[in-house]
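S.K.: give the three-dimensional model of this entry:
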Amino acid sequence: MDAQRFIAEFGHIANAPGGIARLRELILHLAVSGDLIEASVRVSAMSLLESIEQRKPHHSEQKKVISKQAPVPPGLVKAPSHWAICRLGDLALTIIGGGTPSKNNPAYWGGQIPWASVKDLKDQKYIDSTEDHITESGLLNSSSNLIPPNRILICTRMGLGKVSINRVPLAINQDLKALELPPEVDHDFFLILYKTREVKGTGTTVAGIRQEQLLALPAVLPPIEEQSLIVAKVDELMALCDRLKEQRRSRLQLQAALRQSVLQTVAAATAPDELRIAWSRLTETFSCLFAVPENVEELRQSILTLAVKGKLVPQYPGGEAASAMQRKGDAPFELPPTWQWVRLGQVCELINGDRGKNYPNKNEYVPSGVAWINTGHIEPDGTLSLASMHYITRKKFDSLRGGKVQRGDLVYCLRGATLGKTAIITQFDEGAVASSLVIIRLNEQVNPVFAYRVLTSTLGRAQVSRFDNGSAQPNLSAASVKKYWFPLPPLAEQQRIVERIAELMIVCDELASQLSRSRKLAEQLTTAAVSCLTGVAIEPAEEPVKAPKTELSAPLRMGKAPSVKEQAPLAAILAHTQDGLNAKDLWQRYGGEIEAFYAQLKIEVANGWLREPEPGLMNQIHDDTVSA
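M.R.: Numbers count the residues shown, from 1 in each chain. Here you go, the predicted structure:
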């Protein structure tokens, strides 16, 4: 199979997610099944196996010689009729293990002898150096062995499947084995063969494979000439894969640059007509600019940028200006006439978590009670994870001197890798926060959802970086959060912006879902194609998705409209539907864990924001899981 035919038949696979890796797998499997080259003269390879067996009784190190393996059952291995079918142990003369000198004896370490472990077997074909070295004393006083150059090093524990060739003498640890190959086996062909073997380990803590299992793996042996031809063809096609990978990387870089350019044009539009034209161009090129679900995050951020700049909803002439201090000259950008720049501390109270002696510890958590919120409970969508929520007793809550949160507050992360993560308290009326969080309690001028959108926008994230004063780890103070620039529109306009963002985020969700389905389909088609060509079944590693025990089949509809201060995300979604949605569809638009969704559903039904579902339309689901 030449390079041109390879491109014609398999080039489309390279464009699928993980396609290049699949192509490499395909090349290796075709190589060891005899489908990669066409031999001009077919000479039986059985004589090679016989020659290897004849060498073993005369080897100088008989204790390390590999014994003859059991025959391979007919039909187990696909190969041309003139190839020899055997086991891995039949292709090697000897096998040597290793060990580790005592770490407690400094005299054993830091010498001149390279000492290889799993960490030294990386992606490279050869090993010329190692991270650790031992002394002659360490070698003599341990079970390690000095391995001559040009041996096959194989991981039998922790790094199953890794294989390399050492080009320098070295010692090895107990997780490696060294195979000595005879002249009848090309070293490069053996590497190709080994990478296609199913090396499966067992063990309760670290998976490993026993030596007898390793040597018993089914194998093939072509004639010497064909081994060389196969190696050359694999090298040629792997180089082609490298070029395809580089082309794909360049294509994705160009796509990213175009996507950023279009999104920046949208965000930079100043006049309504300019924005309309830029948005039209964006929607027309969705399929070209957005390839994977992760790309949609850039679109979400562009929507938020438009929102905080006052470009997402029409400006009403003569609208009432926001009541706030005058805009400062160093504000990030220009705002509409009815908006004002303020500092966040001017429109909210910031409340730190309790750091005193009454601070709860893990031993004081209880199964139910008052919510105790830490950074790990904040979900990416601004909700709190009820599934992992911690609780404290009412008595403990009453003893706290600070950090008490109430419905409608925002909680904001001040430290660590989750710096700047934000959530709105909607699931309960009261709770308490850990010292790594600060409570943002807004005044009547600010819609909490609007504030959440500002803090999670590019503007909000930029201010996290600006005020981060951490050295060992990222860190903010409540005093610095008070200094954040905050764009303040009139309250009625904040509500319109919040509603418009919710509508557009649903569009983003649908786009991400479409891209996710397309990617999954492409992966399945690629896997099926490779499996069909190689005859090797590739098992899906997909986890089943948990489903609720019951399912509402009646449509859910809006009840009374919640006020600006009241947090009703499900009602906000249903407000834009005429006939309502069933629970499954509403959950998918809402996002988050199913338990959190049903908890929020109960809250909004109880408050009358959603109508009570019709009785008798709650179906029992008997299966515990459903496939994704």
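S.K.: where do the strands sit along the stretch 351-500 of the chain?
M.R.: Secondary structure of the stretch 351-500 of the chain (DSSP state E, counting those that start in this stretch): strands at 370-373, 390-392, 404-406, 410-413, 422-424, 430-433, 437-442, 485-488.
S.K.: what is the neighbour count of the closest residue to His82 other than its chain neighbours?
M.R.: Of all residues beyond its chain neighbours, the one nearest His82 is Arg42 (4.4 Å), with distances taken as CB to CB, 6 or more residues apart in numbering. Backbone N, C-alpha and C define where each C-beta goes, glycine included. With neighbours defined by other CB atoms under 10 Å, the count for Arg42 comes to 14.
S.K.: now do Glu294
M.R.: A total of 11 residues lie near Glu294 under the criterion other CB under 10 Å.
S.K.: re earlier: winner for burial among the strands of the stretch 351-500 of the chain?
M.R.: Sort the strands of the stretch 351-500 of the chain by mean neighbour count, taking mean count of other CB atoms under 10 Å, and strand 410-413 sits at the top with a mean of 26.
S.K.: which residues in the stretch 251-400 of the chain form helices?
M.R.: Residue ranges of the helices in the stretch 251-400 of the chain, as given by DSSP state H, counting those that start in this stretch, are 272-284, 286-289, 296-308, 394-399.
S.K.: what sits up against the shortest one?
M.R.: Outside of helix 286-289, the residues that reach it under the criterion CB atoms under 8 Å, 6 or more residues apart in numbering are Gln255, Leu258, Arg259, Val262, Leu282, Asn295, Leu511.
S.K.: the same query, at a cut-off of 6 Å, please.
M.R.: Defining contact as CB atoms under 6 Å, 6 or more residues apart in numbering, one finds that helix 286-289 is touched by Arg259.
S.K.: using CSV, list the CA coordinates for that helix.
M.R.: Taking C-alpha atoms only, helix 286-289 is exported to CSV below (Å, rounded to 0.1, in the frame of the first residue of the first chain):
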residue,chain,number,x,y,z
PHE,A,286,-20.9,28.6,12.5
SER,A,287,-20.0,25.2,10.9
CYS,A,288,-16.7,26.5,9.7
LEU,A,289,-15.6,28.3,12.9
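S.K.: before we move on, back to that, for the strands of the stretch 351-500 of the chain, which one sits closest to Leu312?
M.R.: Between Leu312 and the strands of the stretch 351-500 of the chain, the shortest separation by CB to CB is 11.8 Å, and it involves strand 485-488.
S.K.: and the closest one, how far out from the chain middle?
M.R.: Put simply, strand 485-488 sits 34 Å off its chain's centre (CA atoms, centre = their mean, to the nearest Å).
S.K.: what's the average pLDDT for it?
M.R.: Over the span of strand 485-488, the pLDDT mean works out to 95.
S.K.: just stretch 228-235 next, same as before
M.R.: In the prediction, stretch 228-235 has an average pLDDT of 94.
S.K.: pop the domain breakdown of this protein in here.
M.R.: Listed domain ranges for the chain are 84-222, 340-489, 542-628 (source: automatic domain parsing).
S.K.: endpoints of the second one, how far apart?
M.R.: Length of domain 340-489, first residue to last, CA to CA, to the nearest Å: 7 Å.
S.K.: returning to what we had before: the residue nearest to His82 contacts Pro80, doesn't it?
M.R.: No. Taking CB atoms under 6 Å as the definition, Arg42 is not a contact partner of Pro80, at 7.2 Å.
S.K.: still on that earlier bit, to Trp609, which of the strands of the stretch 351-500 of the chain lies closest?
M.R.: Nearest to Trp609, of all those, is strand 422-424, at 15.3 Å by CB to CB.
S.K.: sheet partners, orientation included, of that closest one?
M.R.: Pairing partners of strand 422-424, with direction, according to DSSP bridges: strand 410-413 (antiparallel).
S.K.: neighbours around Ser164, how many?
M.R.: A total of 21 residues lie near Ser164 under the criterion other CB under 10 Å.
S.K.: thought it was touching Ile127?
M.R.: Yes. Between Ser164 and Ile127 there is a contact at 4.9 Å, judged by CB under 6 Å.
S.K.: now Ile154: which helix or strand?
M.R.: Per DSSP states H and E: Ile154 is located in strand 152-155.
S.K.: for the helix or strand just after that strand, packing partners?
M.R.: Next helix or strand after strand 152-155 toward the C-terminus (DSSP H and E): strand 163-166. Using 3 or more CB pairs under 6 Å, 6 or more residues apart in numbering; DSSP states H and E as the contact definition, the elements that strand 163-166 packs against are strand 126-127, strand 152-155, helix 187-195.
S.K.: re the thing from before, the residue nearest to His82 and Ala492: what is the separation?
M.R.: Taking CB to CB, to the nearest Å as the measure, Arg42 falls 84 Å from Ala492.
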